[in-house]
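[1] Task: produce atomic coordinates for the following.
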Amino acid sequence: MFILIFLIVLSVLIVVHEWGHFYVAKRLGIRVERFSVGFGPKLLALRRGETEYRLSLIPLGGYVKLGGETEEEARGEKWEYLSRSVSERFAVVFAGPLLNYLLAFFLFVAVFTTGNPQLTSRVGEVMEGYPAFVAGLLPGDRILSIDGKAVRFWDEVTHIIHETPPNQGIRLLVEREGREIPFQVRPRQVEEKDLFGERQQFALIGIRQSEETVFIKYPFHEALGEGAKQLGRITVLTM
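    Predicted structure coming up:
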């Protein structure tokens, strides 16, 4: 099932990506000789005008074959890829990743519209010897705000704490058994390697999330904004 889902997702990404190349090439009058989902021997093929639409055996990619896209094939015809200006060729190439980027945005919007599970700000574990333990936090506490900034979800809690400058304390407002209790905590600075082997320093107070989740839905107009934010966060993280 995992392999099947992977192939379906990959195929969707490929079709969207290649359709970007295909659409812009067609709009510019560049001949598209083949649109293939998959590589290798063809399984099915359908010709419409100058273009063959093909489903190929190996479902790990796909491609659009443009007329005159290599020097060996080029004959100087105006419908050939290499006969076009740099800006037109750039538009054809750029359309693929642009369509994938827009697809990601609309998928995020769909997720935020239909509902998205989020871990709450409830503490599941307090690690012995860490600043939260010393300050008196307990499992089951719900963090309401950090330095006056309201928080609802666990990723908000971790983001604010991790970004705390060295030697700076933070103020936590915690809900415990219906009471609101303030705490002053000085995070511990730690240094670890990230995925790329680079040493990164960030702050910890020694808490882990609980399994409590809430299902969050947004109205469509708000989902657009949340989708843009999520896309922006992932873009920055990727860069």
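[2] the bottom helix or strand of the chain by mean pLDDT?
    Least confident helix or strand of the chain, by mean pLDDT, DSSP states H and E, is strand 188-193 with a mean of 85.
[3] residues in contact with stretch 65-77?
    By Cβ atoms under 8 Å, 6 or more residues apart in numbering, the list of residues contacting stretch 65-77 from outside reads 21, 25, 30-36, 50, 79-83, 92. For glycine as for every other residue, the C-beta is placed from the backbone atoms N, C-alpha and C.
[4] hang on, the earlier thing: following the least confident helix or strand of the chain, which helix or strand shows up next?
    Counting by DSSP states H and E, the element after strand 188-193 in chain order, helix or strand, is strand 199-204.
[5] For that next one, name the packing helices and strands.
    When contacts are defined as 3 or more Cβ pairs under 8 Å, 6 or more residues apart in numbering; DSSP states H and E, strand 199-204 packs onto helix 154-162, strand 188-193.
[6] Compile those into CSV and extend it with columns for mean neighbour count and distance to Arg199.
    Shown next, in CSV, are the helices and strands packed on strand 199-204 (neighbours: other Cβ atoms under 10 Å; distance: least, Cβ to Cβ, whole Å):
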stretch, mean neighbour count, distance to Arg199
helix 154-162, 18, 15
strand 188-193, 11, 6
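[7] which one of these lies closest to Lys229?
    When the helices and strands packed on strand 199-204 are compared by Cβ to Cβ, helix 154-162 sits nearest Lys229, at 12.0 Å.
[8] Can you show me the strands along this structure?
    Under the criterion DSSP state E, the chain carries strands at the ranges 32-48, 51-66, 116-119, 123-126, 142-146, 149-150, 170-176, 179-185, 188-193, 199-204, 207-209, 213-216.
[9] Tell me which residue of this structure is furthest from the middle?
    Relative to the mean C-alpha coordinate of the chain, counting by Cα atoms, centre = their mean, the farthest residue is Arg75 (42.1 Å).
[10] Regarding the protein, what is its longest helix?
    helix 86-114 (DSSP state H).
[11] one step back: export the helices and strands packed on strand 199-204 as TSV, with columns for distance to Ile143.
    Compiled in TSV, the helices and strands packed on strand 199-204 are given as follows (distance: least, Cβ to Cβ, whole Å):
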stretch	distance to Ile143
helix 154-162	6
strand 188-193	17
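[12] thinking again about what came up before, distance from the chain centre to the least confident helix or strand of the chain, please.
    25 Å (Cα atoms, centre = their mean, to the nearest Å).
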